[in-house]
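Chemist: Sequence and predicted structure are below.
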Amino acid sequence: MTYFNNPITVHTARTLMFAELSKVMDHAIHDNRYSNSLKENIASKKTKSNQKRTNSALVSLYSFDEAFPPFFCFKHFWQIADEIDMPVISLLFAIGNDYLLRESISVIISTAVGEKISKLRLEENIETHHPQKFTNNTRSSATRNIISSWKQAGYITGKVKNIRTQPNHCYHSVAFALLMAYFNGDRGDFILSGKWVQALAISESQIRELANEAAKRDLLQYQYAGNVTTISFNNLFNKLHIDA
């Protein structure tokens with residue numbers, strides 16, 4: 001079963017919105033009042049129209065629905081992961097719910113650390129996936145927003161030059177990437193080649209090392225023997241009372 005089939009994007013007009021997401025999560029996470037938090041303008045938007053558009057984009061990216069297993073797990077990781085890891089984990093969750101962001105992974109991770117992110121390549125990538133779907137202005141706007149989202153997650157730095165950088169991943173972000181790939185229906189070695197794991201932009205050996213660390217903390221079950229990989233999340237699902 002796959003949980004990610006949302007045929008929308010917010011990146012023609014919005015970004016990852018990590019600052020706004022943080023306000024909503026920190027305000028609502030203990031009593032699950034996400035809808036009320038959005039209505040109360042926790043994101044501090046100055047106009048009703050901006051508040052409405054922001055709330056709609058946040059719901060599209062993050063759902064805030066505790067009956068949706070990926071979000072319930074996202075909430076769990078928000079509570080246990082280090083603060084420095086949350087932008088990456090938020091990006092990983094949003095990848096499942098926004099096709100333009102997901103399709104940009106190949107351009108970002110194929111750009112070497114220290115090199116400039118090519119706006120032209122991102123625009124061409126959008127056009128390749130969606131020929132003649134967007135106007136030039138919309139495609140340009142989406143490219144700027146995509147760059148901003150990756151920047152918020154630590155993959156790009158600089159206000160003008162947009163230089164590719166690499167965030168430091170820990171076992172939390174690797175476990176979450178593997179979990180999102182698992183929710184997408186990937187199993188075994190296919191998890192390691194899933195979009196979410198690709199987005200980490202680290203080597204397979206690093207992924208396996210950090211998966212081992214996550215397994216020691218019971219975030220997942222991981223085995224690698226005879227060139228066969230087994231990854232499952234039974235203990236985590238049982239702990240969170242998720243039937244996945």
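Modeler: Good, I have the coordinates. The structure displayed is predicted, hence computed values, not measured ones.
Chemist: Quick check: which ranges of the protein have low pLDDT?
Modeler: For the chain, applying pLDDT under 70 flags the ranges 1-2, 244.
Chemist: ok, and for the helix ranked longest in it, which residues are buried?
Modeler: If you go by DSSP state H, the chain has its longest helix at helix 136-152. Residues R139, S141, A142, T143, N145, I146, I147, S148, S149, W150, K151, Q152 are the ones in helix 136-152 that count as buried (16 or more other Cβ atoms under 10 Å). From N, CA and C alone the C-beta is placed, and that goes for glycine too.
Chemist: List the contacts of it.
Modeler: With Cβ atoms under 8 Å, 6 or more residues apart in numbering as the test, helix 136-152 has contacts from 9, 11-16, 18, 87, 91, 94, 100-101, 104, 108, 117, 119, 122-123, 126-127, 134, 156-157, 162.
Chemist: what residue lies at the spatial centre of the protein?
Modeler: Centroid-nearest residue in the chain, with Cα atoms, centre = their mean: L92, separated by 1.8 Å.
Chemist: Secondary structure element for that one, which one?
Modeler: Using DSSP states H and E, L92 sits within helix 86-95.
Chemist: Show me how far that helix is from its chain's centre.
Modeler: Relative to its parent chain, helix 86-95 has a centroid offset of 3 Å by Cα atoms, centre = their mean, to the nearest Å.
Chemist: same thing with stretch 73-84?
Modeler: 13 Å.
Chemist: How about residues contacting that stretch?
Modeler: By Cβ under 8 Å, 6+ apart, stretch 73-84 touches 25, 29, 62, 66, 86, 89, 93, 168, 170, 172-173, 175-176, 179, 183, 236, 240, 242.
Chemist: Please apply the same query to stretch 51-62.
Modeler: Contact with stretch 51-62 is made by 6, 8, 10, 13-14, 16-17, 20-21, 24, 38-39, 41, 43, 45, 64, 71, 74, 90, 93-94, 97-98, as judged by Cβ under 8 Å, 6+ apart.
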